[in-house]
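In: Requesting a structural model of the entry that follows:
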Amino acid sequence: MQAPVTHILALTNLRRARLLPAAGKVLVKQGQKVSPNDVIAETVLHPRHMVFDVRQALGITRPAQLSQAIERRVGDKVEVDDVLARSGGLFKRVLRAPVAGQVSIISGGRIVMEVDSPLFQLRAGLAGIITEIIPERGAILEASGALVQGTWGNGRTDSGVLLSLAATPEDVLTRERLDVSMRGAVVVAGHCAQADAIRAANELPLRGLILGSATADLLPVLQTALFPILLTEGFGRIPMNLAAHRILTTNEKRDTAVNATVWNAFTGERPEVLIPLPAAGSVPAESVTLKEGLNVRILGMQQAARVGMIVSLPAELVHLPNGVRARVAQVKLENDEQLAVPLCNLDVLE
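Out: Residues are numbered from 1 along each chain as shown. Next comes the predicted model:
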């Protein structure tokens, strides 16, 4: 059975495609070094259009006068207050552009203008090297370092020095634990149940927050935070898995990039933390075949987030307490306890 992999690695090589959602302009070159906040490509996602009725605006009644009144041509760039059309005669009228844009259509006495919209800027999301350019869409980046992938992110990207408030995976983040010394840092904590703690982090501000879990009622606050927030386990009262906790806390005070992108099951893109390290590792696989010796994390059970190793994969179906018959794996936890866990409740850690 093939299983997706959550990468929690002390050292690895990464290859990431960073792509615009629509065609645009690529701003980097092959071989260029980039930092997490560097803009590598940009585009206009949702262009707006404005329609100007020249006949009505200038009070023109004769069709022959329209072509003389319109002073712009299709493709013309216009700035704010530039003249679009003007009438002659004793009582002159002028039609000006209220915003900057480009004339896209002139027809039937109307001018259609595409209005300049804010650019969507695609950031690198990690420190690395551009190894390939994808014309009009983005680039391929490669980097090496420690990697921790999560299950949820609020869609933001930033970087800073890593600081830990998680002496144990269960430690709770409160407003009182945040102080001015953490301004501009990426903070690791266990669980958060207080909206005030997130607001305090906004006020500092932090450059990133890595949590094991958070209560579901905090979702609106997490989504509107001004910095990236990543959950390694998800929503509920779930301690951070020991593998992720160990990597994050042992790399304290290192530069850290948090790419809290939304998990996309179709592209494979998911929220992740990269701690750049000088040595090179191997390229991780995106899926593996379940087998003995694999490190796994338990999902959706009383033992959620516990980490262990598969010691056997019985071929026969097993009756579970809920009455379902399913294939299971015998998993040996770090405290030497063994559990029979349904295969669908296992997440491979590599």
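In: so is the spatially most central residue of the chain in a helix, a strand, or just coil?
Out: Most central residue of the chain, judged by C-alpha distance to the mean C-alpha position with C-alpha atoms, centre = their mean, is residue 261 at 1.5 Å. Of the three states, residue 261 takes coil under DSSP: H, G, I helix; E, B strand; the rest coil.
In: Going along the chain, name the helices of the stretch 101-250 of the chain.
Out: Using DSSP state H, counting those that start in this stretch, the helices of the stretch 101-250 of the chain run over 195-203, 219-223, 242-250.
In: looking at the ones you listed, which is closest to residue 37?
Out: Nearest to residue 37, of all the helices of the stretch 101-250 of the chain, is helix 195-203, at 18.2 Å by C-beta to C-beta. No exception for glycine: its C-beta is placed from N, CA and C like everyone else's.
In: Tell me the buried residues in that closest one?
Out: For helix 195-203, a neighbour-count test (16 or more other C-beta atoms under 10 Å) marks 195, 197, 198, 200, 201 as buried.
In: what packs against it?
Out: For helix 195-203, the helices and strands in contact under the criterion 3 or more C-beta pairs under 8 Å, 6 or more residues apart in numbering; DSSP states H and E are helix 219-223.
In: Spell out which helix or strand contains the nearest residue to residue 312 once chain neighbours are set aside, please.
Out: Spatial nearest neighbour of residue 312, chain neighbours left out: residue 330 (4.4 Å); criterion: C-beta to C-beta, 6 or more residues apart in numbering. Take DSSP states H and E as the rule and residue 330 turns out to sit in strand 328-333.
In: what's near enough to touch the closest residue to residue 340 other than its chain neighbours?
Out: Using C-beta to C-beta, 6+ apart and skipping residues adjacent in sequence, the residue nearest residue 340 is residue 328, 4.5 Å away. Applying C-beta atoms under 8 Å, 6 or more residues apart in numbering, we find residue 328 in contact with 314, 318, 320, 340, 341, 342, 343.
In: low-confidence ranges in this structure?
Out: Along the chain, segments meeting pLDDT under 70 span 1-2, 279-287, 301-305.
In: which residues touch the residue in it sticking out farthest from the centre?
Out: Within the chain, the residue lying farthest from the chain centre (C-alpha atoms, centre = their mean) is residue 90, at 59.6 Å. Listed by C-beta under 8 Å, 6+ apart, residue 90 has no contact partners.
In: and it, backbone torsions?
Out: The phi and psi values for residue 90, taken as degrees, to the nearest 10, are phi -70, psi -40.
In: Tell me how far it lies from residue 70.
Out: 20 Å (C-beta to C-beta, to the nearest Å).
In: swap in residue 122?
Out: 38 Å.
In: What of residue 7?
Out: Noted for residue 7: a distance of 59 Å to residue 70, by C-beta to C-beta.
In: between these two, which one's more packed in?
Out: Ranked by neighbour count (other C-beta atoms under 10 Å), residue 7 and residue 70 place residue 70 first, with 21 against 17.
In: Was I right to think the more buried one contacts residue 76?
Out: No - with contact defined as C-beta atoms under 8 Å, residue 70 does not reach residue 76; the gap is 10.5 Å.
In: quick one, what contacts residue 270?
Out: By C-beta under 8 Å, 6+ apart, residue 270 lies in contact with 149, 150, 151, 153, 261, 263, 264.
In: Ok, residue 151 next?
Out: Per C-beta under 8 Å, 6+ apart, neighbours of residue 151: 231, 232, 233, 234, 263, 270, 271.
In: what do you get if the cut-off is 10 Å, keeping everything else the same?
Out: Residue 151 sits next to 6, 213, 230-235, 238, 263, 270-271, 299, 347 when contact means C-beta atoms under 10 Å, 6 or more residues apart in numbering.
In: what's the answer for residue 160, then?
Out: Applying C-beta under 10 Å, 6+ apart, we find residue 160 in contact with 36, 182-187, 206-208, 227, 255-258.
In: which of those count as buried?
Out: Buried residues within those, counting neighbours by 16+ other C-beta under 10 Å: 36, 182, 185-187, 206-208, 227, 255-258.
In: For these, work out which two are farthest apart.
Out: Longest span within the buried ones among the contacts of residue 160, C-beta to C-beta: 36 and 182, 18.6 Å.
In: Please enumerate the strands of the stretch 151-300 of the chain.
Out: 152-153, 157-164, 172-173, 185-192, 208-214, 229-235, 255-259, 272-276, 287-289, 295-298 (DSSP state E, counting those that start in this stretch).
In: Dump the ones you listed to JSON lines, plus distance to residue 247.
Out: JSON lines is the format used below for the strands of the stretch 151-300 of the chain (distance: least, C-beta to C-beta, whole Å):
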{"stretch": "strand 152-153", "distance to residue 247": "18"}
{"stretch": "strand 157-164", "distance to residue 247": "10"}
{"stretch": "strand 172-173", "distance to residue 247": "19"}
{"stretch": "strand 185-192", "distance to residue 247": "10"}
{"stretch": "strand 208-214", "distance to residue 247": "11"}
{"stretch": "strand 229-235", "distance to residue 247": "10"}
{"stretch": "strand 255-259", "distance to residue 247": "11"}
{"stretch": "strand 272-276", "distance to residue 247": "8"}
{"stretch": "strand 287-289", "distance to residue 247": "20"}
{"stretch": "strand 295-298", "distance to residue 247": "13"}
